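Visitor: Below are the sequence and a predicted model for it; my questions follow.
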Amino acid sequence: MWYSIPMVIEVTSAAAMKDLGARIGALVRGGETLMLVGDIGAGKTTFTKGLATAMGVGEDVQSPTFTISRVYDTATGLVLAHYDFYRLNDPGIMRAELSEAAHDPSTVTVIEWGEVVADSISSNTLSVIITLTSETARRVELVATGEATRIIEEMQ
């Protein structure tokens, strides 16, 4: 497995966070897992909305905090599987569904609060680490493993 050199991006608004998601959404091909790390209100779902728009999701993306997962079809034939494990200490049965999605070459898997399932995801992972620096600004660090390193390379 290979790792990328981290890329750091300063984001100054919710619109800029959505734009960052869209930049990455334009680069995914399927088979990637995006692990979103950040406090509540950091912008994880806003980022995912931008990603989904660029992937061609035709419906409004909502946080799966209460439903745990949401799956969206795209205009390009890819699938966006969005998970949020904030409320789960033990993902139990969700682990099998997540593993299937994360290893499907036609699915882009986005995971919020994924620390409890880190052993179930693919090695083709882009970690998006969001740190609040002010009420509107964020520091976003991108770190990739496996083939997801291509995304960071193409963003430079």
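Guide: Received it, and whenever you're ready, just let me know what you need.
Visitor: alpha carbons only for contacts and neighbour counts from here, please
Guide: Fine.
Visitor: residue contacts, Val11?
Guide: Listed by C-alpha atoms under 8 Å, 6 or more residues apart in numbering, the contact partners of Val11 are 17, 137-140.
Visitor: quick one, helices of the chain?
Guide: 14-25, 44-55, 94-102, 149-155 (DSSP state H).
Visitor: Who wins on neighbours among the contacts of Val11?
Guide: Met17 (28 neighbours; other C-alpha atoms under 10 Å).
Visitor: so how far is Leu80 from the residue lying closest to it once chain neighbours are set aside?
Guide: Nearest residue to Met17 in three dimensions, chain neighbours excluded: Phe47, at 5.4 Å (C-alpha to C-alpha, 6 or more residues apart in numbering). Phe47 sits 13 Å away from Leu80, going by C-alpha to C-alpha, to the nearest Å.
Visitor: and what of Tyr72?
Guide: 5 Å.
Visitor: the more surrounded of these two?
Guide: Legend: neighbour count by other C-alpha under 10 Å for Tyr72 and Leu80, higher for Leu80 (24 against 18).
Visitor: Just list whatever residues bridge to the more buried one.
Guide: The partner list for Leu80 in beta bridges (DSSP bridges) reads Tyr72, Val108.
Visitor: Model confidence score at it, please.
Guide: What the model reports as pLDDT for Leu80 is 97.
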